[in-house]
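> build me a model:
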Amino acid sequence: MQNYDIAVIGGGAGGLVVASVAAQLGLNVALVEKEKQLGGDCLHYGCVPSKSLLRCAHVAHMVRHAGDYGIDVGNTSTDMQQVNAYINNAVQIIQQHDSHERFSEIGCDIYTGGARFVNAQCIRANDIELHAKRFVIATGSFAWIPDMEGIQSVDYLTNEDMFSLETLPEHLLILGAGPVGVEMAQAYARLGSRVSLIEQAQRILPRFDQDISRLLKQQLLADGVDIVHGAVERVQQQGDIRTVVLNDGRELSGDQLLVAIGRRPAIDGLDLEQAGVEFGENGIKVNSRMQTSRRHIYACGDVTGLMPFTHVAEQQAGVVIANAVFRIPKLMRYRVIPAVVYTEPECAQVGMALEQAEQDASASVIQFDMQQLDRAITDNTTRGLLKLVVRKGRIAGAHVIGHHAGELIHELALAIQENMKLSKITTLVHAYPSYSQLNRRAASQYYRDSLFSPFAKNLVKILSRWLP
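Have a look, this model is predicted:
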């Protein structure tokens, strides 16, 4: 039996933040992770490998289109072994920050293996009972596999095995056109695979603005992605060929099938009932202080089912630290959380949705097209636009598709968080030529009508006539 101040279950983004801070503050910390390595899905099967793969795909795309810039590089081919090596190198570099050695050095006792609650004050990990004053559940999520006909008899890929393919797929079928689906569709298409992207909804990225979906679809089609809309009736496999059959009779066959429809919280095996922790199919129920139904047990990250982003997990972990370590009441807020899809062009949004703005009489929408941005013209990256939702002269929401959208969104997120007037953006000097000018140019649109109004024109005439 071991006694701790805090026991953290899960060595992903949220759990590592809590464990690191608590240990460095001198608390006795137990960190339990079922996998041999720390870092969680984000490091090993999510954000890091996917962005590394997208970078490889970007290079392949640029080389293939080098002639557009007056450069002749000849034919290109993709070596998946070298692509995998590039991905693994990125993972290993970041892994050093999330290593067992580092967390042991700062004072964490690390237990490898699954954990389950014995009662509200005790968990068991590898037959060792760990007692703690407070617990933090940060076990993350896993790929959801829908209960469709034939799925159990088909060899399919998820995020856990798609970044270690020994050969480039000849024809990759992807179920789901959400963030993971569209990113992987573009990546593999640019690397040289034939890709079919299958989405039940009538547009890709259905949670983003329809104009963003439309522009991204144009780019994916230009990259050679076959986009198919329709509901899947069943999947089947014969030999190495996987086939997706839609409910209207259409069939698509390929040598690999990626299921990227959604995710579910990883709560199986935790025996939460033994601790009296309430949960549902969408995750562990928490309050705004990230406390579960048992106030000394906290949860953060994907396991809560609340906005499954790494940056949200880290923010929630900060709230856990404030409440569980410093005993300072702090609440988790979700009003200003950026969401980014790392395709090319990138898609990003934050704040009020455009559907909400349409129902709000006090809200208006400003749009500025990337085609009018000088830096985009010089870089040949003019596919994109920015929409600002404005309420009473203040930014309430931002929706952008374009080069570096994932970086541009943060200035706008800060404006929303601080309830800034648009004039704060327009009066801030933005370097020329830069992509950040997109924000300033869009904000300036709001004042254009009043600046060039009949009243303003008459005023200028009067001043010009009467003043020297």
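> going forward, measure contacts between C-alpha atoms and count neighbours the same way
Will do.
> next, the nearest residue in space to Ala132 that is not next to it in sequence: secondary structure please.
Spatial nearest neighbour of Ala132, excluding adjacent residues (Cα to Cα, 6 or more residues apart in numbering): Tyr4 at 4.6 Å. The assignment at Tyr4 comes out as strand when based on DSSP: H, G, I helix; E, B strand; the rest coil.
> Tyr4 is in contact with Ala23, isn't it?
No - using Cα atoms under 8 Å, Tyr4 is not in contact with Ala23, being 10.9 Å away.
> Ser364 is in what secondary structure piece?
Here Ser364 sits within strand 363-369, counting by DSSP states H and E.
> list the buried ones in that strand?
363-365, 367-369 (16 or more other Cα atoms under 10 Å).
> average pLDDT for it?
In this model, strand 363-369 has an average pLDDT of 94.
> pull out the buried residues from the longest helix seen in the chain.
Longest helix in the chain by number of residues (criterion: DSSP state H): helix 47-64. Residues 47-58, 60-61, 63-64 are the ones in helix 47-64 that count as buried (16+ other Cα under 10 Å).
> could I get the CA-only coordinates of the helix or strand just after it as CSV?
Per DSSP H and E, the first helix or strand lying C-terminal to helix 47-64 is helix 80-95. In CSV, the C-alpha atoms belonging to helix 80-95 read as follows (Å, rounded to 0.1, in the frame of the first residue of the first chain):
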residue,chain,number,x,y,z
MET,A,80,7.1,5.6,-46.8
GLN,A,81,10.0,4.3,-44.8
GLN,A,82,11.6,7.7,-44.9
VAL,A,83,8.3,9.4,-44.2
ASN,A,84,7.9,7.1,-41.1
ALA,A,85,11.4,8.0,-40.0
TYR,A,86,10.6,11.7,-40.2
ILE,A,87,7.4,11.2,-38.1
ASN,A,88,9.2,9.0,-35.6
ASN,A,89,12.0,11.5,-35.2
ALA,A,90,9.6,14.3,-34.3
VAL,A,91,7.8,12.0,-31.8
GLN,A,92,11.1,11.0,-30.2
ILE,A,93,12.3,14.6,-29.8
ILE,A,94,9.1,15.6,-28.1
GLN,A,95,9.1,12.4,-26.1
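> and helix 80-95, what does it pack onto?
If you count contacts as 3 or more Cα pairs under 8 Å, 6 or more residues apart in numbering; DSSP states H and E, helix 80-95 packs onto helix 40-44, helix 47-64.
> what do you get if the cut-off is 7 Å, keeping everything else the same?
Packed against helix 80-95 by the contact rule (3 or more Cα pairs under 7 Å, 6 or more residues apart in numbering; DSSP states H and E) you find helix 47-64.
> between helix 80-95 and the helix it packs on, find me the angle.
140 degrees (axes from the mean of the first three to the mean of the last three Cα atoms, to 10 degrees).
> mind checking the SS state of Lys133?
Secondary structure assignment for Lys133 (three-state DSSP): strand.
> number of residues surrounding it?
The number of residues packed near Lys133 is 15, by other Cα atoms under 10 Å.
> which residues touch it?
For Lys133, the contact set (Cα atoms under 7 Å, 6 or more residues apart in numbering) comprises 4-6, 121.
> wait, isn't Met148 in contact with Gln236?
No - Met148 is beyond contact range of Gln236, at 10.5 Å (criterion: Cα atoms under 7 Å).
> higher neighbour count, those two?
Gln236 (17 against 11).
> elements contacting whichever helix or strand the more buried one is part of?
Element membership of Gln236 [criterion: DSSP H and E] is strand 232-238. Here strand 232-238 touches strand 241-246, going by 3+ Cα pairs under 7 Å, 6+ apart.
> contact partners of stretch 419-439?
Outside stretch 419-439, the residues that touch it by Cα under 7 Å, 6+ apart are 373-375, 393-395, 408, 440, 443-444.
> cool, stretch 297-311 as well?
Against stretch 297-311 from outside (Cα under 7 Å, 6+ apart): 13-14, 134-141, 265-266, 282-286, 290-292, 312-313, 316-317, 320.
> tell me which of those fall in helices.
Per DSSP H, the contacts of stretch 297-311 map to helices at 13-14, 312-313, 316-317, 320.
> now the helices for the stretch 151-300 of the chain?
In the stretch 151-300 of the chain, the helices defined using DSSP state H, counting those that start in this stretch lie at 179-191, 210-222, 272-275.
> most packed of the ones you listed?
helix 179-191 (a mean of 24; mean count of other Cα atoms under 10 Å).
> what about that one, distance to the chain center?
Distance, stretch centre to chain centre, for helix 179-191: 14 Å (Cα atoms, centre = their mean, to the nearest Å).
> tell me which other helices or strands it touches.
The elements that helix 179-191 packs onto, with contact taken as 3+ Cα pairs under 7 Å, 6+ apart, are helix 47-64, strand 194-199.
> turn those into TSV, including mean pLDDT.
Below are these laid out as TSV (pLDDT from 0 to 100):
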stretch	mean pLDDT
helix 47-64	96
strand 194-199	98
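> including distance to Val389, could those go into a markdown table?
Listed next are the helices and strands packed on helix 179-191 as a markdown table, based on distance: least, Cα to Cα, whole Å:
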| stretch | distance to Val389 |
| --- | --- |
| helix 47-64 | 29 |
| strand 194-199 | 28 |
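> for the ones you listed, which one sits closest to Arg116?
Closest to Arg116 of the helices and strands packed on helix 179-191, according to Cα to Cα: helix 47-64, at 27.4 Å.
> other SSEs contacting that closest one?
With contacts taken as 3+ Cα pairs under 7 Å, 6+ apart, helix 47-64 sits against helix 80-95, helix 179-191.
> re earlier: now the helices of the stretch 151-300 of the chain as TSV including mean pLDDT?
Listed next are the helices of the stretch 151-300 of the chain as TSV, based on pLDDT from 0 to 100:
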stretch	mean pLDDT
helix 179-191	97
helix 210-222	97
helix 272-275	97
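> closest one to Thr381 among these?
Set against Thr381 and scored by Cα to Cα, those come closest in helix 210-222, at 11.1 Å.
> that closest one to helix 179-191, inter-axis angle?
Using the same axes, to 10 degrees: helix 210-222 against helix 179-191 is 30 degrees.
> next, the angle from helix 210-222 to strand 194-199.
Using the same axes, to 10 degrees: helix 210-222 against strand 194-199 is 160 degrees.
> who touches helix 210-222?
So helix 210-222 is contacted by 186, 203-205, 384, 401 (Cα under 7 Å, 6+ apart).
> hmm, try it at 8 Å
Defining contact as Cα atoms under 8 Å, 6 or more residues apart in numbering, one finds that helix 210-222 is touched by 185-186, 203-206, 227, 344-345, 347, 383-385, 400-401.
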